[in-house]
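Q: Attaching a predicted model along with its sequence, questions to come.
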Amino acid sequence: MASGKFWNVMTGLKPVLAMVVVQVSLGGINIMYKLAKSDGMSMKVLIAYRYIFAAAFTVPLALIFDRKSRQKMTWMIFLQGSLCGLFGGSLGQNLYAESLTLTSATFAAAMTNIIPAMAFVLAIVLRMERLAIGTVAGKAKVLGTLLSISGALVLTFYKGVELNLWSTNINLLHHGAATSQQSSNDQVLGSILAVVACMCFAVWLIIQAKISMVYPSYSGTALTCVSAAIQSVVYAMCAEKKWSAWKLGWDIRLLTVVYTGVWATGLMVAIMSWASRLRGPLFVSSFYPLMLVTVAILGSLLLDEQLYLGSIIAVVLIVVGLYGVLWGKGKEMKQNAQVDGAKSSTEPELRGIVIETSSSTEGKPTATSTICPIQAADRGSGAVSPAAVVHE
């Protein structure tokens, strides 16, 4: 009995443990980007290789798991997949990687937490979602959005005193002074690139929500990765004229593209899709701040990145704003589900009504008709289908 309860608890913890692994793995991307950049690797080439490896991993998954559920490719699906590859892949990731090189791993990771707020603003502008400021859920989403934006502004323009929480004297970049100076000079430019990258990711989320309605998750991911790979390769080939920039050896460059492409993009996206099907997208989104914590710890321990008071204040504002948006969205979805359930429960159903017709003076029935339950296709049409009436 006790072992059964323990096994049930462990089964319920699987999505939680999976999302912890996902966010820690995604946090490792920022560290790997920094290390590859310090080794002289072009970020444009890195992004191109990342999606080449990701496409090589996700396409077989789509062919295996979606072979029965995948519908025929249409021009609309192809266009949506190409746009997902542009905003969520080639353009968004190149902007994010450049902002990362100009600022710090912790800064870039913190900025990604404003993506849900930006997606909410874009959904309002595109009239895909109602503001509903008069409801508690609407107020929570608006307040969360304002807090997230305020945190981003604090992170950009306020540094504060340095916080010496710990020191390992380890700096895998080997040029900490130059990196610190670069971050100080290009902080504003890096912040602008990070904000634009987050806007691209927000657009990607909206388009991805559209394509997921008509296309299976693995196939949609594979289509996005293939599109991003083609776009990133074309952009990198135009920007990097020297073929030596594409050379990979048994070093940090190969490790970075394999880690970011196969592990972080391919496998982790598949795990996120699995967790989303079990617990919903809000459950997946609630773990995003864990990536920020991972990057902050690894950045300070391995890259000798300094933590400042302004960064801590900004992170608190952004994370609180994130959970405000997620809480408001969750409450709104729950209310909509209750309304839909109430509407469906009030729909009239005719069940087994027996109609007797008498044609004799003794009142004995000579014919009986039974009206069966109205089929789902007939509800709301105002008429009963011929199949609903059975004569005995």
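A: Sure, I can see it. These numbers were taken from a predicted model, which means no experiment stands behind them.
Q: contacts, neighbours, all on C-alpha from now
A: OK.
Q: Please report how far residue 330 lies from residue 46.
A: Between residue 330 and residue 46 the distance is 37 Å, computed by C-alpha to C-alpha, to the nearest Å.
Q: For the two, indicate the residue with more neighbours.
A: For residue 330 versus residue 46, neighbours defined as other C-alpha atoms under 10 Å are more numerous around residue 46 (27 against 16).
Q: Report how many residues lie close to the closest residue to that one other than its chain neighbours.
A: Among residues not flanking residue 46 along the chain, residue 257 sits closest, at 6.4 Å (C-alpha to C-alpha, 6 or more residues apart in numbering). Residues contacting residue 257 under the criterion other C-alpha under 10 Å number 27.
Q: just residue 339 next, same as before
A: By other C-alpha under 10 Å, 12 other residues sit near residue 339.
Q: what sits against the residue positioned nearest the centre of the chain?
A: Closest to where the C-alpha atoms of the chain average out (C-alpha atoms, centre = their mean) is residue 205, at 6.4 Å. Listed by C-alpha atoms under 8 Å, 6 or more residues apart in numbering, the contact partners of residue 205 are 88, 119.
Q: which intervals of the stretch 251-392 of the chain have sub-threshold pLDDT?
A: 282, 343-392 (pLDDT under 70).
Q: what about the strands in it?
A: 307-308, 353-358, 365-371, 389-391 (DSSP state E, counting those that start in this stretch).
Q: Give me the three-state assignment for residue 120.
A: Secondary structure of residue 120, reduced to three states by DSSP: H, G, I helix; E, B strand; the rest coil: helix.
Q: Contact partners for the residue nearest to residue 46?
A: Applying C-alpha under 8 Å, 6+ apart, we find residue 257 in contact with 46-47, 49-50, 53.
Q: Distance-wise, check residue 67 relative to residue 219.
A: In terms of C-alpha to C-alpha, residue 67 sits 9 Å off from residue 219.
Q: Ok, residue 124 next?
A: Counting by C-alpha to C-alpha, the gap from residue 124 to residue 219 is 28 Å.
Q: which parts of the helix or strand harbouring residue 221 are buried?
A: Residue 221 belongs to helix 217-239 when assigned by DSSP states H and E. Using 16 or more other C-alpha atoms under 10 Å as the test for burial, helix 217-239 gives 217-233, 235-237.
Q: Over to stretch 311-319?
A: So for stretch 311-319, counting by 16+ other C-alpha under 10 Å, buried means 311-319.
Q: ok, the residues you listed vs residue 118, which is closest?
A: Minimum distance to residue 118 across the buried residues of stretch 311-319 is 12.1 Å, recorded for residue 318 (C-alpha to C-alpha).
Q: That closest one touches residue 114, doesn't it?
A: Yes. Residue 318 sits in contact with residue 114 when judged by C-alpha atoms under 8 Å, with a separation of 6.6 Å.
Q: Pull up the overlap in contacts between these two.
A: 148-149, 152.
Q: What's the local residue count around residue 189?
A: Residues lying near residue 189 (other C-alpha under 10 Å) number 16.
Q: ok so, going back, could you provide the buried residues of stretch 311-319 in TSV, with additional columns for distance to residue 58?
A: Compiled in TSV, the buried residues of stretch 311-319 are given as follows (distance: C-alpha to C-alpha, whole Å):
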residue	distance to residue 58
311	36
312	37
313	39
314	36
315	33
316	35
317	36
318	32
319	31
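Q: Restricted to helices, list the residues you listed.
A: 311-319 (DSSP state H).
Q: All the helices of the stretch 51-200 of the chain, residue numbers only.
A: Applying DSSP state H, counting those that start in this stretch to the stretch 51-200 of the chain gives helices spanning 75-85, 91-102, 105-111, 115-125, 136-157, 176-185, 187-211.
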